[in-house]
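Chemist: fold the following.
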Amino acid sequence: MTQKFGLSVALATPFDGNGDIAIDVMIAQARRCLAAGCSSVTLFGTTGEGSSIGSRERDRVFAAFLNAGIAAKNIIVGVLVDAAEDAAMQADHALSNGARNILLAPPSYFKNVSDDGVFQWFSAVFAMLGDKARDIIVYNLPSLTMVPLTVSLIGRLRTAFPDIVAGVKDSSGDWPYTESLLKAHGDLIILVGDERHLAKGVRLGGQGAISGMANFVPRDVKLMAEEGKDDPRIEGFVAELLKYPVVPAVKAMVAHVMSEEIWLAVRPPLASLSGEGQSRLALAFDKLFQSQAA
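Modeler: Below you'll find the predicted structure:
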């Protein structure tokens, strides 16, 4: 039986006072999450501010992770760019160095695009990758990209590229869509990005998650992602997180749980959560989790 995907932490990216990636801090966080039961780390996704991190920085971080002894088979790389050539270049580097998967978002600058156009974009990326193309998880995040990946488009991609398209990360937060995706594509790795829907998605055949909350409650999210176990605390806290810009809020929680202020920094155009926001979010977390650190 093929092993399920499990839980990958959507690793947040720490920045130092100069705005540079604090690679040692990032590696330490990855090690903590892996030790807590995450099967992999996802670099440069949404939580990791991947759209604000350039190719040369990505190469340095990936190399540093490998040099630190974190196996490439435990690393997933997010690719969140618009030009097919840039997407292929970033994916090529990661795949050539043994990355487990690529989390590939659709291009998002142009809005109201057709399924045909999005299909052609993915096709162009795969053609540029050539025989290196493998283990692609397409990323449905319409709240940010404004480019939804329809169930029919995913089926078309799977049919055209059966040895390349391995799965979908669905962060739509739209349960009827998630449910229809699970019913239509049991042949794919379906990852549920909204933790409020994670446990019931796994019970319907989902294979796990790439989760931002795994940065600070990895053991709890693991039970949802691998066993389909409901956790009202996590579901409730997601509702609290969504009252704020999500990436700064997640980083504020990492800072709170780890007692490391470096996690508060984000890159423009994002702005760090206000002190008031940090306090309110920390209070809500402590009430739900009774101050039990991950």
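
Chemist: which strand or helix spans residue 134?
Modeler: Under DSSP states H and E, no helix or strand contains residue 134.

Chemist: hmm, it is touching residue 96, no?
Modeler: No. Counting by CB atoms under 8 Å, residue 134 does not reach residue 96; the two are 10.9 Å apart. (C-beta placed from N, C-alpha, C; glycine too.)

Chemist: more neighbours: those two, which one.
Modeler: Between residue 134 and residue 96, counted using other CB atoms under 10 Å, the more crowded position is residue 134 (17 against 11).

Chemist: how much space between the spatially closest residue to residue 74 that is not a sequence neighbour and residue 15?
Modeler: Sequence neighbours aside, residue 40 is the residue nearest to residue 74 in space, at 4.7 Å (criterion: CB to CB, 6 or more residues apart in numbering). Relative to residue 15, residue 40 is positioned 23 Å away (CB to CB, to the nearest Å).

Chemist: try residue 236
Modeler: For residue 236, the distance to residue 15 - CB to CB - is 29 Å.

Chemist: between the two, who's got more neighbours?
Modeler: Using other CB under 10 Å, the more surrounded residue of residue 236 and residue 15 is residue 15, with 22 against 13.

Chemist: thought that one was touching residue 261?
Modeler: No. The criterion here is CB under 8 Å, and residue 15 misses it with residue 261 at 11.5 Å.

Chemist: which other residues reach the strand or helix carrying residue 280?
Modeler: Using DSSP H and E, residue 280 sits in helix 275-289. The contact list for helix 275-289 (CB atoms under 8 Å, 6 or more residues apart in numbering) reads 217, 233, 236-237, 240-241, 244, 249, 252-253, 255-257, 264, 273.

Chemist: looking at those, which are in strands?
Modeler: The strands, defined by DSSP state E, take in nothing from those.

Chemist: which of these tops the neighbour count?
Modeler: The contacts of helix 275-289, ranked by neighbours (other CB under 10 Å): first place residue 252, 29 neighbours.

Chemist: ok, that one - contacts?
Modeler: Per CB under 8 Å, 6+ apart, neighbours of residue 252: 263-264, 272-273, 277-278, 281-282.

Chemist: rerun that using 7 Å as the cut-off
Modeler: With contact taken as CB atoms under 7 Å, 6 or more residues apart in numbering, residue 252 is in contact with 264, 273, 278, 281.

Chemist: can I get the residues you listed in JSON lines with distance to residue 71?
Modeler: Below are these laid out as JSON lines (distance: CB to CB, whole Å):
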{"residue": "264", "distance to residue 71": "30"}
{"residue": "273", "distance to residue 71": "33"}
{"residue": "278", "distance to residue 71": "34"}
{"residue": "281", "distance to residue 71": "34"}
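
Chemist: so residue 209 sits in a helix?
Modeler: No. If the criterion is DSSP: H, G, I helix; E, B strand; the rest coil, then residue 209 is strand and not within a helix.

Chemist: so it sits against residue 198, correct?
Modeler: Yes. Using CB atoms under 7 Å, residue 209 makes contact with residue 198 at a distance of 5.5 Å.

Chemist: which of the two has more neighbours?
Modeler: Just comparing residue 209 and residue 198: by other CB under 10 Å the higher neighbour count belongs to residue 209, 34 against 30.

Chemist: give me the number of neighbouring residues for the nearest residue in space to the more buried one that is not next to it in sequence.
Modeler: In space, and not counting its chain neighbours, residue 209 is closest to residue 225: 4.4 Å by CB to CB, 6+ apart. When neighbours are counted by other CB under 10 Å, residue 225 registers 32.

Chemist: how about low-confidence regions in the protein?
Modeler: 1-2, 291-294 (pLDDT under 70).
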